[in-house]
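**Student:** sequence first, predicted coordinates after that:
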Amino acid sequence: MMKQTLLGQTGISVSPLCIGAWQLGGPLFFDGKPDGHPDPGREQVINMIRALGERGINHIDTAEQYSAGESERRVGEAIRGRRDRWVVSTKFGFRVGPDQTRIDDASPPTIMPSLEGSLKRLGTDYIDVYLFHCEPLVEDLDASREILEKAKADGKIRAYGISTNNEGLAMEMANKAMLDVLQFHANLLEPFENLTRLCVDKGIGTQVRGVMAQGRLSGKYFDKAPVWRGDDNRSRHFRDHDFTRYAVLQNVIPEGWTMAQAAIRWILDDPGHHTICLGAKNLQDYETALAALELPPLSPETRKAMRETAMGIAG
């Protein structure tokens with residue numbers, strides 16, 4: 001049985017690996033630019049989620065924006081009949097408008113319509129973790145808290161928070177008692193230690209995303225440049241990036257480990273990190289991640305060497 005971790009003070013127990021479902025809904029374009037990933041196929045996605053559930057993963061993260069709701073629909077189908085086994089996290093604020101226009105609006109009047117839409121697409125009557133996907137206005141926080149607290153009291157959500165790396169906003173929400181869970185980007189290259197410390201100090205649950213640094217820490221491209229498809233958002237963001245420069249990290253990870261496993265352990269060995277959202281698209285990549293859970297913690301010396309090497313690459 002996979003060991004689970006309490007998600008801060010929510011009372012919710014999660015597996016250390018969370019299925020990130022951005023990659024699982026299919027491509028999305030805004031203004032002709034990719035903002036999603038190639039479609040792995042609906043049946044493959046559903047079967048993979050169910051197979052990972054059998055392996056002990058109980059946490060999955062999606063959003064209303066991902067593939068214009070298709071990600072939520074696939075997640076809902078995958079967990080149908082198994083809802084009580086899963087901790088479902090979804091997000092609101094970023095939406096797809098007419099003609100694939102981007103809508104960035106998490107204002108108070110949008111919260112309940114977004115929530116009801118997600119509940120319908122997921123085929124459930126409650127969401128475990130409900131997160132702002134785009135940053136709300138500070139002056140809207142009190143009104144938003146009132147709405148979210150009512151949704152919690154009504155049993156439609158169990159916990160809420162935000163997906164952001166904005167430290168000031170996270171602190172503001174924590175001070176207003178509206179940050180049960182923080183989802184943020186962190187990895188060996190970009191650790192964002194202040195956010196981790198904030199969550200530890202305040203008893204906030206953490207979902208860490210971006211652990212593979214958009215593939216830079218996967219090890220797949222240490223000896224060859226990636227070739228992104230036109231419907232993969234990385235084709236725009238990393239068109240001219242040299243992924244082979246990160247190969248030097250192979251020299252400081254434990255013998256017999258893959259780079260992906262070392263990157264996962266580097267995050268999970270920090271007790272302030274409760275679960276990581278892994279954005280893999282196939283079962284094989286998840287098997288590599290699951291194997292990392294069986295490995296011993298990295299030694300302090302190895303952690304230091306990895307971080308110093310990563311800082312050298314960035315420099």
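**Tutor:** In hand now; what should we look at?

**Student:** pull up the distance across stretch 75-90, start to finish.
**Tutor:** With Cα to Cα, to the nearest Å as the measure, stretch 75-90 spans 10 Å from end to end.

**Student:** buried ones in that stretch?
**Tutor:** Buried residues in stretch 75-90, defined by neighbour count with 16 or more other Cβ atoms under 10 Å: Val75, Gly76, Glu77, Ala78, Ile79, Trp86, Val87, Val88, Ser89, Thr90. Every C-beta, even on glycine, is put in place using the N, C-alpha and C of the backbone.

**Student:** any idea which of these is closest to Leu283?
**Tutor:** Ala78 (13.1 Å; Cβ to Cβ).

**Student:** as JSON lines, the buried residues of stretch 75-90 with distance to Arg265, pLDDT and secondary structure would be great.
**Tutor:** Converted to JSON lines, the buried residues of stretch 75-90 look like this (distance: Cβ to Cβ, whole Å; pLDDT from 0 to 100; DSSP: H, G, I helix; E, B strand; the rest coil):
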{"residue": "Val75", "distance to Arg265": "27", "pLDDT": "98", "secondary structure": "helix"}
{"residue": "Gly76", "distance to Arg265": "32", "pLDDT": "98", "secondary structure": "helix"}
{"residue": "Glu77", "distance to Arg265": "32", "pLDDT": "98", "secondary structure": "helix"}
{"residue": "Ala78", "distance to Arg265": "27", "pLDDT": "98", "secondary structure": "helix"}
{"residue": "Ile79", "distance to Arg265": "28", "pLDDT": "98", "secondary structure": "helix"}
{"residue": "Trp86", "distance to Arg265": "25", "pLDDT": "98", "secondary structure": "coil"}
{"residue": "Val87", "distance to Arg265": "22", "pLDDT": "98", "secondary structure": "strand"}
{"residue": "Val88", "distance to Arg265": "26", "pLDDT": "98", "secondary structure": "strand"}
{"residue": "Ser89", "distance to Arg265": "23", "pLDDT": "98", "secondary structure": "strand"}
{"residue": "Thr90", "distance to Arg265": "28", "pLDDT": "98", "secondary structure": "strand"}
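
**Student:** please tabulate those residues in JSON lines, including the columns distance to Ile19.
**Tutor:** As requested, the buried residues of stretch 75-90 are arranged in JSON lines below (distance: Cβ to Cβ, whole Å):
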{"residue": "Val75", "distance to Ile19": "8"}
{"residue": "Gly76", "distance to Ile19": "13"}
{"residue": "Glu77", "distance to Ile19": "14"}
{"residue": "Ala78", "distance to Ile19": "9"}
{"residue": "Ile79", "distance to Ile19": "10"}
{"residue": "Trp86", "distance to Ile19": "10"}
{"residue": "Val87", "distance to Ile19": "10"}
{"residue": "Val88", "distance to Ile19": "10"}
{"residue": "Ser89", "distance to Ile19": "10"}
{"residue": "Thr90", "distance to Ile19": "12"}
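
**Student:** for the closest residue in space to Arg50 that isn't next to it in sequence, give me its contacts.
**Tutor:** Leaving aside its sequence neighbours, Arg50 sits nearest to Ala78 (Cβ to Cβ, 6 or more residues apart in numbering; 5.7 Å). By Cβ atoms under 8 Å, 6 or more residues apart in numbering, the contact set of Ala78 is Val45, Ile46, Ile49, Arg50, Gly53.

**Student:** so where do the strands sit in the stretch 201-315 of the chain?
**Tutor:** When secondary structure is read from DSSP state E, counting those that start in this stretch, the stretch 201-315 of the chain shows strands at 205-209, 275-278.
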